[in-house]
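# The sequence isn't on hand, but the structure is:
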């Protein structure tokens with residue numbers, strides 16, 4: 001067994017005869033256990049010690065993606081709503097959500113490809129990068145004029161007098177010059193070569209290794225980047241170089257350690273893990289904008305109000321996830337919450353699983369962004385336990401301010417609206433929405 005699939009908040013234990021399906025080899029469990037024990041600044045926040053059936057266990061937090069141990073063993077962590085789906089559909093959902101996240105909008109892997117093969121997520125992203133570089137190679141690796149200084153046997157370009165006197169005072173046959181050379185040694189190509197070399201150093205499939213070696217051969221005459229941050233600042237996608245964009249986007253993710261190769265140094269193995277709150281927020285915002293009726297518009301992460309003012313300073317910025325506006329007027333405030341509600345738990349103690357703190361937060365948004373009158377929405381993922389909107393919540397001391405708790409269907413990509421019609425004017429009917 002070289003891989004394991006678990007769901008968000010899932011637990012893994014050390015392999016023991018017949019203990020459970022979520023068992024990992026001893027060397028992998030030992031590595032996970034060592035990560036939980038770390039106390040340095042880079043200690044992973046997505047792992048913690050736990051118990052399972054009286055045995056020591058390691059539990060994942062609300063992060064999803066793929067984790068690879070130093071030995072190459074892979075653990076996929078899928079969204080917890082995927083427990084109502086099969087692994088393929090859950091993995092497909094994760095890819096669709098990643099497409100909505102800044103930095104991953106260039107993902108091209110389609111749902112049909114994922115449905116036809118159980119390709120591990122780590123390999124999916126490595127393959128995406130390699131195919132983007134292969135596209136660059138097929139279109140042509142671009143060269144540019146690069147200023148170069150050299151001590152030549154013939155005068156070429158501009159003679160550098162100071163260097164000539166210092167180095168060639170007794171060498172009449174040499175000329176220290178500065179000249180332009182048409183060369184592929186430009187920042188864009190150095191970065192791609194460096195990212196390819198980093199992929200080769202990771203545990204990847206034979207197919208990906210083969211393609212990476214072939215591409216490295218193409219870039220073999222181009223040096224690797226020794227100043228990655230500076231080279232990214234020097235990137236210039238000149239006219240006709242748009243085809244470099246996707247490959248450089250992947251290279252940035254790889255080389256800036258935000259990618260499938262994150263933490264490939266002394267402590268961590270290659271990994272790709274994302275907080276589900278950020279994924280859900282980006283996914284809702286992207287698809288909700290398609291559900292809006294004109295002339296309403298959607299704004300994300302508004303930052304125009306603060307909770308209090310103290311000594312002439314604004315404190316505690318109020319940042320709702322989504323604002324629905326009409327021109328300069330705020331009409332609706334929405335906040336996404338990645339939490340599974342259960343409408344069967346409607347007693348006074350459980351309250352569907354809703355958080356009092358979230359209601360306080362939305363109340364503050366309503367007072368500042370809607371001036372105490374209008375509609376607020378808490379958005380949760382739709383599940384079998386939370387299939388439809390809840391009746392409206394009223395604030396007794398703030399007449400005119402209402403709060404709705406609504407499900408967002410991850411598969412149909414729609415916010416499910418209450419039947420009362422109070423929000424209908426802002427949203428298109430289902431048949432009017434393009435996927």
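Now that the structure is in, tell me what you want to look at. The model shown is predicted, which means the values in this text are computed figures rather than measured ones. Numbering: from 1, shown residues only.

# For the residue with the shortest distance to the centre of the chain, give me the pLDDT.
Most central in the chain under CA atoms, centre = their mean is residue 101, positioned 5.2 Å from the mean C-alpha point. Model confidence at residue 101, given as pLDDT, is 77.

# Show me what whichever helix or strand residue 90 is part of is packed against.
Under the criterion of DSSP states H and E, residue 90 resides in helix 87-98. Packed against helix 87-98 by the contact rule (3 or more CB pairs under 8 Å, 6 or more residues apart in numbering; DSSP states H and E) you find strand 74-78, helix 111-116, helix 121-139, helix 276-291. Where C-beta positions appear, they are placed from N, C-alpha and C, glycine not excepted.

# For the closest residue to residue 300 other than its chain neighbours, grab the count of nearby residues.
In this structure, residue 300 finds its nearest non-sequential neighbour in residue 285, 5.0 Å apart by CB to CB, 6 or more residues apart in numbering. Here the count is done by other CB atoms under 10 Å, and residue 285 has 19 residues near it.

# pretty sure residue 285 contacts residue 298?
Yes: counting by CB atoms under 8 Å, residue 298 is a contact partner of residue 285 at 6.7 Å.

# Pull up the overlap in contacts between these two.
Contact with both residue 285 and residue 298 is made by residues residue 322, according to CB atoms under 8 Å, 6 or more residues apart in numbering.

# pLDDT-wise, which helix or strand of this structure ranks last?
The weakest-scoring helix or strand in the chain, judged by mean pLDDT, DSSP states H and E, is helix 111-116 (a mean of 43).

# Please enumerate the helices of this protein.
Secondary structure of the chain (DSSP state H): helices located at 26-37, 87-98, 111-116, 121-139, 161-168, 187-200, 206-218, 228-234, 245-255, 276-291, 356-369.

# Select from the ones you listed the stretch with the lowest mean pLDDT.
Mean pLDDT values for the helices of the chain show the minimum at helix 111-116, a mean of 43.

# Count the residues that sit near the spatially closest residue to residue 424 that is not a sequence neighbour.
Of all residues not flanking residue 424 in the chain, residue 417 sits nearest, at 6.3 Å (CB to CB, 6+ apart). Residue 417 is flanked by 20 other residues according to other CB under 10 Å.

# mind listing what residue 417 touches?
389, 406, 423, 424, 427.

# from these, which is closest to residue 310?
residue 406 (35.0 Å; CB to CB).

# so residue 136 makes contact with residue 245?
No: using CB under 8 Å as the test, residue 136 is too far from residue 245 to be in contact (9.7 Å).

# So if I had to pick from those two, which one is more boxed in?
residue 136 (23 against 14).

# re earlier: now render the helices of the chain as TSV, adding distance to residue 323.
Below are the helices of the chain laid out as TSV (distance: least, CB to CB, whole Å):
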stretch	distance to residue 323
helix 26-37	39
helix 87-98	21
helix 111-116	31
helix 121-139	33
helix 161-168	61
helix 187-200	37
helix 206-218	43
helix 228-234	33
helix 245-255	28
helix 276-291	10
helix 356-369	7
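
# To residue 342, which of the ones you listed lies closest?
helix 356-369 (15.6 Å).

# List the buried residues of that closest one.
Neighbour-count burial for helix 356-369 flags 358, 359, 361, 362, 363, 365, 366, 367, 368, 369 (criterion: 16 or more other CB atoms under 10 Å).

# can you list the contacts of residue 417 in JSON lines and add distance to residue 69 and pLDDT?
Output for the contacts of residue 417, formatted as JSON lines (distance: CB to CB, whole Å; pLDDT from 0 to 100):
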{"residue": "389", "distance to residue 69": "43", "pLDDT": "93"}
{"residue": "406", "distance to residue 69": "40", "pLDDT": "96"}
{"residue": "423", "distance to residue 69": "47", "pLDDT": "83"}
{"residue": "424", "distance to residue 69": "51", "pLDDT": "81"}
{"residue": "427", "distance to residue 69": "46", "pLDDT": "86"}
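
# coming back round to it: contacting residues around the residue nearest to residue 300?
So residue 285 contacts 100, 298, 300, 321, 322, 336 (CB under 8 Å, 6+ apart).

# quick one on the thing from earlier: among the contacts of residue 417, which ones are buried?
Buried members of these, counted by 16+ other CB under 10 Å: 389, 406, 423, 427.

# Looking at these, which one is closest to residue 241?
Ranked by distance to residue 241 (CB to CB), the buried ones among the contacts of residue 417 are led by residue 427 at 40.7 Å.

# returning to what we had before: filter the contacts of residue 285 down to the buried ones and express that as a ChimeraX selection.
In ChimeraX, this line selects whichever of the contacts of residue 285 come out buried by 16+ other CB under 10 Å:
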select :100,298,300,321,322,336
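
# Sitting in strands, which of the contacts of residue 285 do you find?
Applying DSSP state E to those, the entries found in strands are 298, 300, 322, 336.

# how far away is the residue found closest to residue 211 once you drop the neighbours it is linked to in the chain from residue 124?
The shortest distance from residue 211 to any non-neighbouring residue, by CB to CB, 6+ apart, is to residue 130 (4.9 Å). Distance of residue 130 to residue 124, given as CB to CB, to the nearest Å: 11 Å.

# more crowded one of those two?
In terms of neighbours (other CB under 10 Å), residue 130 is the more surrounded of residue 130 and residue 124; the figures are 24 against 20.

# wait, isn't the more buried one in contact with residue 210?
No: with contact defined as CB under 8 Å, residue 130 does not count as touching residue 210 (9.7 Å).

# re the thing from before, save the contacts of residue 285 as a markdown table, and put in distance to residue 215 too.
Shown next, in a markdown table, are these (distance: CB to CB, whole Å):
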| residue | distance to residue 215 |
| --- | --- |
| 100 | 29 |
| 298 | 40 |
| 300 | 37 |
| 321 | 40 |
| 322 | 41 |
| 336 | 39 |
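
# of the contacts of residue 285, closest to residue 277?
Of all those, residue 277 sits closest to residue 336, with 7.5 Å by CB to CB.

# Is it possible to get a markdown table of the helices and strands packed on helix 87-98 that adds distance to residue 236?
Shown next, in a markdown table, are the helices and strands packed on helix 87-98 (distance: least, CB to CB, whole Å):
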| stretch | distance to residue 236 |
| --- | --- |
| strand 74-78 | 37 |
| helix 111-116 | 33 |
| helix 121-139 | 15 |
| helix 276-291 | 29 |
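
# so which of the ones you listed is the most packed in?
A comparison of the helices and strands packed on helix 87-98 by mean neighbour count, using mean count of other CB atoms under 10 Å, puts strand 74-78 on top with a mean of 23.
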